[in-house]
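Chemist: Here is a sequence together with a model predicted from it:
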Amino acid sequence: MSRTATKICGLTTPDMLEAAIQARADHVGFNFFPPSPRYLAPRDAAALAERAEARISRVGLFVDADDAAITEAVAAGRLDAIQLHGQETPERAAQVRARFGVPVWKVISVASAADVARADAYATAADLILFDAKTPKGTLPGGMGLAFDWTLVANWKGPLAWGLAGGLNPTNVAEAVARTGAPLVDTASGVESAPGVKDADLIAAFCRAARTV
Ligand SMILES: O=C(O)c1ccccc1NCC(=O)[C@H](O)[C@H](O)COP(=O)(O)O
């Protein structure tokens, strides 16, 4: 069985970045959605990206962003992948991949089996599906610390690589991996002491726990 990959999402400071690198996380997420408490302005992403270059993969998170916003962030954050966390259609995901030439991770917000089935439509449009919890109307589409029913994606045999997000933390991530077989796990609020404030010990504990399975 191969090692579970980890992504720490919503880093905003050099200390947080170093903590993720020290913990041997595989990816860090830069959040380019302005309403988020984890928002990173492109000029700040540039400084983090310089530190991160050749040390850890950088995934840029967007919610229904236009090409201009993605263009600025891809350059500033030296992005290795683009995570589409909004209502982007398969056509839009394919367009983003073609235009920016980096892998596209499409988030599918899950509350039912029908939501999981929506992933199939991205078979040729994206490179990875990230299953995350569906959040209540009027709230942020991610980063809310909400989990969904993991049995809906257990041992998912879809047409793409995949990962699991939503309410994962150092305490439950090993069980989540054991129960779903997720090859990649992603967390934001589960490794924070307050919204947007990452905790180095929690990041280390999360990465360690994800790899124990
Ligand atoms: O983190 C945010 O603030 C956020 C805002 C809007 C869209 C997505 C967001 N986060 C995306 C992530 O990749 C999170 O890791 C994922 O939603 C899980 O979050 P959490 O339940 O807090 O671990």
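Modeler: Received, thanks.
Chemist: Let me see the backbone angles for the residue in the chain that the ligand sits nearest to.
Modeler: Nearest residue of the chain to the ligand (CB to the nearest ligand atom) works out as residue 143 at 2.1 Å. For the C-beta atoms, the positions are set from N, CA and C on the backbone; glycine is no exception. Dihedral angles of residue 143 (phi, psi; degrees, to the nearest 10) stand at phi 70, psi 20.
Chemist: List the contacts of it.
Modeler: 9, 10, 31, 36, 37, 38, 188, 189 (CB atoms under 8 Å, 6 or more residues apart in numbering).
Chemist: In JSON lines, list those along with neighbour count and pLDDT.
Modeler: Below are the contacts of residue 143 laid out as JSON lines (neighbours: other CB atoms under 10 Å; pLDDT from 0 to 100):
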{"residue": "9", "neighbour count": "27", "pLDDT": "98"}
{"residue": "10", "neighbour count": "27", "pLDDT": "97"}
{"residue": "31", "neighbour count": "27", "pLDDT": "98"}
{"residue": "36", "neighbour count": "22", "pLDDT": "97"}
{"residue": "37", "neighbour count": "16", "pLDDT": "97"}
{"residue": "38", "neighbour count": "25", "pLDDT": "98"}
{"residue": "188", "neighbour count": "30", "pLDDT": "98"}
{"residue": "189", "neighbour count": "22", "pLDDT": "97"}
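Chemist: mind listing which of the residues you listed are in strands?
Modeler: 9, 31 (DSSP state E).
Chemist: Strands along this structure, start to end?
Modeler: Counting by DSSP E, the strands of the chain are 5-9, 27-31, 57-62, 81-84, 104-110, 128-133, 161-165, 184-187, 192-194, 197-198.
Chemist: Make CSV out of these and add distance to residue 175.
Modeler: Putting the strands of the chain into CSV (distance: least, CB to CB, whole Å) gives the following:
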stretch, distance to residue 175
strand 5-9, 15
strand 27-31, 22
strand 57-62, 24
strand 81-84, 24
strand 104-110, 18
strand 128-133, 16
strand 161-165, 11
strand 184-187, 11
strand 192-194, 20
strand 197-198, 22
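Chemist: Columns distance to the ligand on top of those, output as CSV?
Modeler: Shown next, in CSV, are those (distance: least, CB to the nearest ligand atom, whole Å):
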stretch, distance to the ligand
strand 5-9, 4
strand 27-31, 5
strand 57-62, 6
strand 81-84, 7
strand 104-110, 7
strand 128-133, 5
strand 161-165, 4
strand 184-187, 4
strand 192-194, 8
strand 197-198, 11
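Chemist: Quick check: which ranges of the chain have low pLDDT?
Modeler: Confidence mapping of the chain against pLDDT under 70 gives the ranges 1.
Chemist: neighbours of residue 105, just the number please.
Modeler: For residue 105, the count of nearby residues is 29 (other CB atoms under 10 Å).
Chemist: ok, it - contacts?
Modeler: 59, 81, 82, 83, 84, 126, 127, 128, 129, 130, 163.
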